[in-house]
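>>> using only what follows, build the 3D model:
(one chain, ligands or ions: 1)
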Amino acid sequence: MQLREIDFGTKGIFDHIYVGSQCVRRDLNPPVGWFDLIYRLCERLEPLVRELSATLPPGDRFEVVQVKQKMGELRFHVSHRNAAFDAEIEAAQVDSLRTCEHCGRPGALRNVDGWLVTLCKECLGPTEVPA
Ligand SMILES: [Zn+2]
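Now for the predicted structure:
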């Protein structure tokens, strides 16, 4: 079984994410700085998806429905949930709040012109307002 692939596609990143053999996509627009973080999350979800898929009725399959930044934090919405999925996704969310969404270096949650973003000092530039 193919572990997973992330296809950068024509629009940028994440036209497709595969977890196991399950093609997952719909609304995937995460910040590029979180690529590694999401990649690692997909690796951890892989065995869970394999387990889950064995229990699903024909025609039903696991999908990642939405991947994006909201309030400075990773949102990773999936079609099927359980405690194990939630724990992995929550761990990735915690990671996202200390990872610059632009470059992937250590970052912090910040308020930029009223928008919550997670950025490192370099990507923030000179106009920091405490979050
Ligand atoms: Zn940065």
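
>>> neighbours around Gly104, how many?
Number of residues near Gly104 (other C-beta atoms under 10 Å) recorded here: 17. Bear in mind the C-beta positions are built from the backbone N, C-alpha and C, glycine included.

>>> sorry, that was for Leu97
Count around Leu97 with other C-beta under 10 Å applied: 16.

>>> these two touch, right, it and Gly72?
Yes. With contacts counted by C-beta atoms under 8 Å, Leu97 reaches Gly72, the gap being 6.7 Å.

>>> which residues are in contact with each of those two?
In terms of C-beta atoms under 8 Å, 6 or more residues apart in numbering, Leu97 and Gly72 are both contacted by the residues Leu109, Thr118.

>>> so the closest residue to His80 other than its chain neighbours: helix, strand or coil?
Spatial nearest neighbour of His80, excluding adjacent residues (C-beta to C-beta, 6 or more residues apart in numbering): Phe62 at 5.4 Å. Under DSSP: H, G, I helix; E, B strand; the rest coil, Phe62 falls in the coil class.

>>> Phe62 and the ion: what is the separation?
32 Å (C-beta to the ion, to the nearest Å).

>>> what number of residues lie near that residue?
Counted with other C-beta under 10 Å, Phe62 comes out at 21.

>>> one more: the one 3 residues further on?
Other residues near Val65 number 13, with proximity taken as other C-beta under 10 Å.

>>> how about Leu124?
18.

>>> what residue ranges in this structure score low on pLDDT?
Within the chain, the set of residues satisfying pLDDT under 70 comprises 1-29, 127-131.

>>> all the helices of the chain, residue numbers only.
35-53, 83-96, 121-124 (DSSP state H).

>>> now render the ones you listed as TSV, adding distance to the ion.
TSV is the format used below for the helices of the chain (distance: least, C-beta to the ion, whole Å):
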stretch	distance to the ion
helix 35-53	13
helix 83-96	13
helix 121-124	3
